[in-house]
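Peer 1: Turn this into a model:
(2 chains)
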There are 2 protein chains.
Amino acid sequence: MIAVIGLGLLGGSLLRTAAGAGAKARGWDLDAATRADAREAGLDVAETVGEAVAGADLVVLAVPLRAMSATARTVAPLLGPDAVVTDVGSVKGPVRAAMVEAGITRFVGAHPMAGTEESGFAASRANLLPGARWAVTVDAATDVAAFTAVLELVCGALGGEVSVLTDGDHDAAVALVSHVPHVLATQLLSLVTRSGVRDVALGLAAGSFRDGTRVGLTDPRKTEAMVTANATAVAPVLRDVAEDLESLASALEAAAAGQDVDVAAFFDEPAPVRALRGEPTTSDTVATRLTSREDLRSLAVAGAEGAVVVSVGDGVVQVRGASVL
Amino acid sequence: MIAVIGLGLLGGSLLRTAAGAGAKARGWDLDAATRADAREAGLDVAETVGEAVAGADLVVLAVPLRAMSATARTVAPLLGPDAVVTDVGSVKGPVRAAMVEAGITRFVGAHPMAGTEESGFAASRANLLPGARWAVTVDAATDVAAFTAVLELVCGALGGEVSVLTDGDHDAAVALVSHVPHVLATQLLSLVTRSGVRDVALGLAAGSFRDGTRVGLTDPRKTEAMVTANATAVAPVLRDVAEDLESLASALEAAAAGQDVDVAAFFDEPAPVRALRGEPTTSDTVATRLTSREDLRSLAVAGAEGAVVVSVGDGVVQVRGASVL
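Peer 2: Numbering: from 1, shown residues only, chains lettered A, B, ... in the order given. Sure, this is the predicted structure:
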């Protein structure tokens, strides 16, 4: 039995998909109206969190990041001895810390790369998660059976693919590809907002501004919560950006003054990533049997280099793009 | 007769559209193969720049920014006494300076918001410019007849709409909505390029990264040229961004350390621009007769507040969204 705690966009979608795939899955939400909506959608919904968690092999905490610690403390005493806990939060280090604090040891972190602009059960749907890339995070203490249970749910009933990562690699990566882009989109909007030529700027805005600001238009509280939760990974990157932009500003000013300075280097630095576009990606997979924590460590090393778990069965994972396994 | 000097993406498209609309228009390009291609496309192409400019009422310099000064010096002695010169460059202050230096006084700056990712005559097409927003820039010395001639071309044969602006307002606005977005897109790509988790970051990248980096994938030399040409407007904005991001980094670190700091303000600053989305825009226009330089100054004041010239005829412009005329 899978218990899904929190039936918003991700929790609701997860419960719909798992139930649709024939998994025994039960949900619960703090909000009575949400529970009623979920029942009306034909889902198995418990009336109390204790009833939801009772007898569950796998408990998915799909609550907002700010509610994670309190939910973990509520759930911890209700868990069976072998129950595995996972989550769907967008940062992984702070979530693991909350689990440790609550005394939950059989924890495996998870984060689906799906859905950020909508929220709530009304936005949930059975086709949100199938095909999604997930990050599943491990540390030196992660239990192999607990890890396998989470992988079976994600690659099985939920139809996902998995990058196995350490919390640190995950949080560093999402800072770069999600949190800092959200900050810079907000910054671009602020520059125009405070400008004396705001209206003409908006009138002249073309594709580069629309693309660069799109995620800056979403709910600022949600963006703030996401960025703040990953502060330790985001802050040093923002300082790097500030330093780079100061250097570029100096180079541009020197160039405008007729000095012979290197402005090109700034624009050439992404050449290796530009060159990756359109490169064929392998579809070959290698099979790895999961028997020890050392196997999880190897998976996380491969994950950091881009390897992806595409399926799991009988304790064997199939890994695509794994040059180091 | 209109002469188009330079038959790349913008010059080629401009000549195709003007000729298609029945205007007497002739082109020239420094490159013999481009001249041959343009002739093959059925366009009137001169063999020399002198032949192209001879007898022209309006000369459009559609050459790259780096070639603008040299082209202006070449063209200046070939111009008839009443010939008007305009351009299509993406910065306006430096182009006007080049014209002054070359002794061209009947100059009106112009910049169509169209096309940045393709280049060359092969990419030019008759439907690129119709419907485009243009900036047309004026200063205290701009001649009313010269200004009207450019407006008649842009709003007439080329089917465009015009924001009338000072060079300074134009260059400040495009720094905000084009040049700085290009810099930040490049920066986001560089952060991933230099990261130890590059491959997993690219694997986890979703919409916010794809949108935020799209224009960073285009030709870095073109982006560099555009940003460098507008260095005096771009550099101070980059310093503002650096300062804001340093402040946010400090606030995030303080919040992570449990201090009570205001992180929200950063994310709330764009509220006024977010609120503008979906607001109805007026379609009412007011008519203004252009008789003196003071009328051009008024148009540029209205332009800075978002007013747009939608048509011109018999010395009268129709202006949409002009609260200050």
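Peer 1: Averaging pLDDT per element, find the lowest-scoring helix or strand in chain A.
Peer 2: helix A:207-213 (a mean of 87; mean pLDDT, DSSP states H and E).
Peer 1: Bridged to A:Val309, which residues?
Peer 2: Beta bridges link A:Val309 to A:Val162, A:Val319, judged by DSSP bridges.
Peer 1: How about the contacts made by it?
Peer 2: Shown in contact with A:Val309 (Cβ atoms under 8 Å, 6 or more residues apart in numbering or on different chains): A:136, A:151, A:155, A:161-164, A:299, A:317-320. In this view, the C-beta of every residue, glycine as well, is placed from N, C-alpha and C.
Peer 1: Quick check: the gap between it and chain B.
Peer 2: As defined by Cβ to the nearest Cβ, to the nearest Å, A:Val309 lies at a distance of 12 Å from chain B.
Peer 1: For chain A, which residues score under the pLDDT cut-off?
Peer 2: A:115-117, A:278-281, A:322-325 (pLDDT under 70).
Peer 1: Can you pull the domain assignment for it?
Peer 2: Following automatic domain parsing, one finds the domains of chain A at A:2-167+A:282-320, A:171-276.
Peer 1: quick one: which of the ones you listed is nearest B:Val241?
Peer 2: domain A:171-276 (5.5 Å; Cβ to Cβ).
Peer 1: Now do that closest one: distance to the chain's middle.
Peer 2: Between the centre of domain A:171-276 and the centre of its chain there are 21 Å (Cα atoms, centre = their mean, to the nearest Å).
Peer 1: measure it end to end?
Peer 2: Start-to-end span of domain A:171-276 (Cα to Cα, to the nearest Å) is 23 Å.
Peer 1: just stretch A:85-93 next, same as before
Peer 2: In stretch A:85-93, first residue to last residue: 15 Å (Cα to Cα).
Peer 1: is chain B contacted by it?
Peer 2: No - judged by Cβ under 8 Å from any Cβ of the partner chain, stretch A:85-93 stays clear of chain B, getting no closer than 10.7 Å.
Peer 1: again with stretch A:68-81
Peer 2: No - counting by Cβ under 8 Å from any Cβ, chain B has no neighbours in stretch A:68-81; the shortest distance is 13.5 Å.
Peer 1: In that stretch, which residues are buried?
Peer 2: Residues of stretch A:68-81 classed as buried by neighbour count (16 or more other Cβ atoms under 10 Å in any protein chain shown): A:68-69, A:71-72, A:74-76, A:78-79.
Peer 1: Next: stretch A:36-45.
Peer 2: Buried, per 16+ other Cβ under 10 Å, within stretch A:36-45: A:37-38, A:41, A:43-45.
Peer 1: Now do the helices in the stretch 51-200 of chain A.
Peer 2: Using DSSP state H, counting those that start in this stretch, the helices of the stretch 51-200 of chain A run over A:68-75, A:93-102, A:144-152, A:167-174, A:180-193, A:198-204.
Peer 1: which is the next helix or strand following the single longest helix found in chain A?
Peer 2: Identified as the longest helix of chain A according to DSSP state H is helix A:231-256. Following helix A:231-256 in sequence order, the next helix or strand is helix A:264-268 (DSSP states H and E).
Peer 1: export that following helix as CSV, just CAs?
Peer 2: Taking Å, rounded to 0.1, in the frame of the first residue of the first chain, the C-alpha atoms of helix A:264-268 are listed here in CSV:
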residue,chain,number,x,y,z
ALA,A,264,34.6,38.0,-26.5
ALA,A,265,35.5,35.6,-23.6
PHE,A,266,32.2,36.2,-21.8
PHE,A,267,30.2,35.3,-24.9
ASP,A,268,32.4,32.3,-25.8
